[in-house]
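Asker: Sharing a model prediction with you, sequence too.
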Amino acid sequence: MSAVGWLAVLAAGVVVWVVHPPDGVVRLRPPRRLQLPAWAEPRPGAMVARRRGWIAGIAAVAIGWYAWGLVPVAALAGPVAGAALWVGLGRAETAAIRRRRVETLHALPEALDLMEACVRAGGPLRNAVDTVARALGPPIAPLFGTVANALSVGLTDGEAWLVLGDDPVAGPVARDLARSTAWGTTITDVLSAHAVDVRRQGTAERLAAAKAVGVKSVLPLGVCYLPAFILLGVVPFVASGLSGVFG
């Protein structure tokens with residue numbers, strides 16, 4: 001293999017190393033997060049970056065090796081295809097994850113309102129989250145139940161809420177609540193503000209789903225009406241023309 005092929009393989013290896021560096025290097029340096037453009041940011045609940053990195057790296061090496069056998073210069077397409085696959089896998093969202101995210105998005109404002117009412121009544125935040133977890137069903141019960149279980153084993157309020165810090169829906173409110181418990185700021189304001197924000201997100205999600213109905217219905221309607229149009233409109237016209245030509 002010539003220098004171009006080795007360059008393609010080396011570039012794919014660099015992509016894998018950047019996305020998933022060795023554990024020893026990670027331990028020797030402070031944690032950092034690569035800043036990506038908005039279009040390349042992974043969706044909440046997408047495949048983890050480590051797995052996406054391995055899949056994209058293997059695909060880049062395979063494509064570069066195969067393209068080298070056809071046109072050597074085309075081997076450089078391997079790293080480009082690997083990067084595109086890494087971004088695409090990050091933007092993909094399974095149906096189960098999307099369903100859970102939408103359900104949590106619609107149920108979370110009520111849970112935050114109930115927690116705010118408990119705190120305003122004089123109860124501590126840890127009792128409020130336990131009460132709401134017991135009162136509401138899925139998806140709030142398992143979500144807040146995780147925080148209640150963390151509190152029951154001796155974690156502080158801030159540490160327990162950080163358990164939900166990476167949740168695609170409850171992550172922002174969990175991080176703000178952890179910060180509020182650590183700094184002693186007003187918890188009710190945090191709960192009220194996030195309830196409004198989540199309701200706004202839920203409304204936007206419903207509007208987007210309603211607008212997508214028309215687009216998604218084009219293909220089924222076309223499949224239903226196109227054969228009827230051909231049989232009732234095109235076939236008689238062609239048949240009459242052929243009958244006129246052949247007498």
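Answerer: Structure's in. What do you need?
Asker: biggest helix in this protein by residues?
Answerer: The helix spanning the most residues in the chain, taking DSSP state H as the definition, is helix 187-216.
Asker: Give the other helices and strands that that one contacts.
Answerer: helix 95-120, helix 171-183 (3 or more CB pairs under 8 Å, 6 or more residues apart in numbering; DSSP states H and E). (C-beta placed from N, C-alpha, C; glycine too.)
Asker: That helix to helix 171-183, inter-axis angle?
Answerer: With axes from the mean of the first three to the mean of the last three CA atoms, to 10 degrees as the basis, helix 187-216 and helix 171-183 are set at 170 degrees to each other.
Asker: before we move on, back to that, would JSON lines of the helices and strands packed on helix 187-216 with mean neighbour count and distance to Ala59 be doable?
Answerer: Output for those, formatted as JSON lines (neighbours: other CB atoms under 10 Å; distance: least, CB to CB, whole Å):
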{"stretch": "helix 95-120", "mean neighbour count": "18", "distance to Ala59": "22"}
{"stretch": "helix 171-183", "mean neighbour count": "18", "distance to Ala59": "30"}
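Asker: residues near Ser152, how many?
Answerer: Ser152 sits with 11 neighbouring residues when counted by other CB atoms under 10 Å.
Asker: Against Ala121, how distant is it?
Answerer: 22 Å (CB to CB, to the nearest Å).
Asker: returning to what we had before: show me what counts as buried in the longest helix of the chain.
Answerer: Neighbour counts over helix 187-216 (16 or more other CB atoms under 10 Å) mark 187, 190-191, 194-195, 198-199, 202 as buried.
Asker: Check the average confidence over that helix, would you?
Answerer: Mean pLDDT, helix 187-216: 85.
Asker: returning to what we had before: which one of the helices and strands packed on helix 187-216 lies closest to Val213?
Answerer: Shortest distance between Val213 and the helices and strands packed on helix 187-216, using CB to CB, is found for helix 95-120: 14.8 Å.
Asker: chain center to that closest one: distance?
Answerer: Computed by CA atoms, centre = their mean, to the nearest Å, the chain-centroid distance of helix 95-120 equals 17 Å.
Asker: following it, which helix or strand comes up?
Answerer: Once the chain leaves helix 95-120, the next helix or strand it forms, by DSSP states H and E, is helix 125-135.
Asker: Before we move on, what's the pLDDT of Gly53?
Answerer: Among the per-residue scores, Gly53 holds a pLDDT of 80.
Asker: now it: how far from Ala83?
Answerer: Separation of Gly53 from Ala83 (CB to CB): 11 Å.
Asker: quick one: which of the two has more around it?
Answerer: Neighbour count, other CB under 10 Å: between Gly53 and Ala83, Gly53 has more, with 21 against 17.
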